[in-house]
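Colleague: how would this look folded up:
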Amino acid sequence: MYLNKAIIYGNLTRDPELKSLPSGSAVVSFGVATNRTWKDKDGSKKESTEFHNCVAFGRTAEVIAQYMKKGKPIYIEGRIQTRSWEGKEDGKKQYRTEVVVETFQFGPSTREDGGRSDTSAQDSTESQSQAADAGEISASDIPF
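Modeller: Residues are numbered from 1 along each chain as shown. The predicted structure follows:
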C-alpha cells in the first residue's frame, strides 16, 4: 500500500487567491508557513521556517477564500502533488509542488480577529451581546 498524506498546521503567508476553472469550479491558492525549533549540539536554540504552496477546489476553496486571510492559522490535511507546464516567455518546463487540500480546520481566533476571548466568561458574554445588538456575525455563529 502507498500513502501520500500531508498534515500541516501554520499561518497563511498571503491572502487566498480565488479563481474559477473553465468548468466553473472554484480553485484557491495560498501559502502556509510552518516553524520548527530545536537545539543544536551546543545547546543553542535554532529555528527554521518552511513555506508550503497549497491549493483547494470546489466549496472548500470558496470557504477558505471567504474566511481566511494572511496571518491566520489553519490546519490542513491533503496530498502532495507536483504539476508542470511550459513557461510562456522562455518555453522551459516549470514545476510546482503543492499540497492539495482535502480537509481543513480554521485555527483559533484571537480578539483582534473578532473572535471570543477566553479570559473571562463576562467578556465573552458582553462581546456576544454587543455583536447581536449590532447584527454582526461572530466566529461562534459559523456552523463549521
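Colleague: phi first, then psi, for the nearest residue to Ile74 once chain neighbours are set aside.
Modeller: Leaving aside its chain neighbours, Ile74 sits nearest to Gly107 (5.5 Å; criterion: CB to CB, 6 or more residues apart in numbering). All C-beta spots, glycine's among them, are computed from the backbone N, C-alpha and C. Backbone torsions of Gly107, given as degrees, to the nearest 10, read phi -80, psi 170.
Colleague: Gly107 touches Gly71, doesn't it?
Modeller: No: applying CB atoms under 8 Å as the test, Gly107 and Gly71 come out as separate, 10.2 Å apart.
Colleague: where do the contact lists of these two overlap?
Modeller: Residues touching both Gly107 and Gly71 (CB atoms under 8 Å, 6 or more residues apart in numbering) are Asn11.
Colleague: before we move on, the earlier item: what's around the residue nearest to Ile74, how many residues?
Modeller: 16 (other CB atoms under 10 Å).
Colleague: ok, now which ones touch it?
Modeller: Gly107 touches Tyr9, Asn11, Lys72, Pro73, Ile74, Tyr75, counting by CB under 8 Å, 6+ apart.
Colleague: pLDDT value on Asp90, please?
Modeller: With respect to pLDDT, Asp90 scores 84.
Colleague: quick one: secondary structure of it?
Modeller: With DSSP: H, G, I helix; E, B strand; the rest coil as the basis, Asp90 sits in coil.
Colleague: ok, now how distant is Val55 from Ile7?
Modeller: Using CB to CB, to the nearest Å, Val55 is found at 16 Å from Ile7.
Colleague: please identify which of these two sits among more neighbours.
Modeller: Remark: of Val55 and Ile7, Val55 carries more neighbours, 20 against 9, as counted by other CB under 10 Å.
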